[in-house]
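Trainee: The sequence isn't on hand, but the structure is:
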């Protein structure tokens, strides 16, 4: 339950003139990873926002090991790091189709009330899904 | 008053593996052009949104003539096409530092009430600036 | 053979503060459309580049009818406009999951030799696939 | 000599539906910072690539403290962390116009030969500028 895998192809506009994926684009890939992690729990991030909860990223860390190339079929592995409280932390691994490890990453996001921008605890219905 | 020029450098992440600026990025450049056109009238688009007016793009057309390269100092020329009513139309030319014409573009945007998403007329205070 | 459909979800980073997909992102969606159109012919654009052919966009036109939202499952319909010669033209329609038409678009791309940047004719092996 | 400041405005397409700059866009801002740091030494990254040197990012770390908003005039402070050898490390601070600290970041880049993709030492002409 704490691990999700999602695959997608690298888009042309995600490459840069080094001929590989621009390093900044990996933030988008991690976002896809945790969105699908949530969806696999039966929760959508879109639904959470509609209920007044936002989850801004407060920490991002990426180690780049090997380049991703245009049209590569990438796989993002997203793993929940520990039981969320007011923050939720994920570890990620990104692989290409040959199962080479391209990058390892870590993000921390904070639960916040959308209207007041005040920190809040992870909603019980998410914790319930994790038990 | 109907013409504005703004210059900025091409960013690395805007290039693709053809070694030139990705064609989709020109939409961002046109946005900079019309934002600065407005600012030169003494109006900020940010301020318009705060007052409840949004300006979604409803038509975009770009003809690409020559590539833009990383670190090029580009200039966007933005020209109001005619007196705005419920829509506002702009023509653009994008040049590099050697004053080569890289692209010609045209956009149409619609004035809309932010809350109701209903079409509305161009605010009088903008029309007044144009007279 | 001349029509392809491909579906994917809107990413969070593709939205803007109007709460909908940023209009410039549609260029990326059209790119996905024609890449998959090619793949359905048994050709990859990556392979074409490896053989020394590039296909820069020389004309882009988009009419926006309805907004795309975060997490929407979009479908891009890509249709070849006519038998390619030195250029290749596509028409596109973008739909959301409720099959509402969000945008209609048109692009023209030019066949060019990667090394010389000279115009060239559409390779015979592509024409053969179209017959 | 080891510190550079560069300012630029947030673009509309850089915001997301939280109404602030998408966290992934900060990678682009850091790129601007170190490009201008280099330029202030009298070196262009474009020139380095033309000479056959590339500088891929191998580590990226960002701590987000406060949101950046559309049209904000941001300032990126880029500081060389130590004398470069085969890698070059930078620390960054991003401020808004009210001089509020929005983010702190750190990147490590590796000097590589463009053609062979082999690691190499920082070129002497850069070290000379730093002395």
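Mentor: Arrived safely. Worth saying up front: this structure is predicted, and the values here are computed from it rather than measured.
Trainee: so does the longest helix along chain A get close to chain B?
Mentor: Criterion DSSP state H: the longest helix present in chain A is helix A:26-40. No - against chain B, helix A:26-40 shows no contacts by Cβ under 8 Å from any Cβ of the partner chain, the least distance being 11.3 Å. In this view, the C-beta of every residue, glycine as well, is placed from N, C-alpha and C.
Trainee: Need the contact partners of that helix.
Mentor: With contact meaning Cβ atoms under 8 Å, 6 or more residues apart in numbering or on different chains, helix A:26-40 is reached by A:1, A:4, A:6, A:8, A:14, A:44-45, A:48, A:57, A:60, A:62, A:64, A:74, A:76-78, A:80, A:90, A:92, A:94, A:103, A:105, A:107, A:109, C:11-13, C:71, D:22-24, D:27.
Trainee: Give the buried subset of these as a PyMOL selection command.
Mentor: A single PyMOL command selects the buried members of the contacts of helix A:26-40 (16 or more other Cβ atoms under 10 Å in any protein chain shown):
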select buried, (chain A and resi 4+6+8+14+45+48+57+60+62+64+74+76+77+78+80+90+92+94+103+105+107+109) or (chain C and resi 11+12+13+71) or (chain D and resi 22+23+24+27)
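Trainee: Pull up the residues of chain A that are close to chain D.
Mentor: So chain A meets chain D at A:17-18, A:20, A:22-25, A:27-28, A:31, A:49, A:54, A:56-65, A:67 (Cβ under 8 Å from any Cβ).
Trainee: Flag the shaky bits of chain A, pLDDT-wise.
Mentor: For chain A, the stretches flagged by pLDDT under 70 are A:1.
Trainee: How are the strands of it distributed by residue range?
Mentor: Using DSSP state E, the strands of chain A run over residues A:3-9, A:53-54, A:57-64, A:73-80, A:87-95, A:101-110, A:112-113.
Trainee: so which of these gets nearest residue D:118?
Mentor: strand A:57-64 (16.6 Å; Cβ to Cβ).
Trainee: Spell out which parts of chain A neighbour chain C.
Mentor: A:8, A:11-13, A:27-28, A:31-32, A:35, A:44-46, A:69-71.
Trainee: Pull up the residues of chain A that are close to chain B.
Mentor: Of all the residues in chain A, those lying near chain B are A:12, A:13, A:15, A:16, A:17, A:18, A:19, A:20, A:22, A:24, A:25, A:70, going by Cβ under 8 Å from any Cβ.
Trainee: Closest to chain D out of those?
Mentor: Nearest to chain D among those, counting by Cβ to the nearest Cβ, is residue A:24 at 3.0 Å.
Trainee: That closest one is in contact with residue D:23, isn't it?
Mentor: No - when contacts are counted by Cβ atoms under 8 Å, residue A:24 is not listed as touching residue D:23 (10.3 Å).
Trainee: what about residue A:9, neighbour count?
Mentor: 17 (other Cβ atoms under 10 Å in any protein chain shown).
Trainee: Oops, could you answer that again for residue A:108 instead?
Mentor: That count, for residue A:108 with other Cβ under 10 Å as the rule, works out to 16.
Trainee: Who is it paired with across the strands?
Mentor: residue A:59, residue A:89 (DSSP bridges).
Trainee: hang on, the earlier thing: need the strands of chain A in JSON lines with distance to residue C:113, can you?
Mentor: Output for those, formatted as JSON lines (distance: least, Cβ to Cβ, whole Å):
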{"stretch": "strand A:3-9", "distance to residue C:113": "26"}
{"stretch": "strand A:53-54", "distance to residue C:113": "49"}
{"stretch": "strand A:57-64", "distance to residue C:113": "32"}
{"stretch": "strand A:73-80", "distance to residue C:113": "28"}
{"stretch": "strand A:87-95", "distance to residue C:113": "34"}
{"stretch": "strand A:101-110", "distance to residue C:113": "31"}
{"stretch": "strand A:112-113", "distance to residue C:113": "53"}
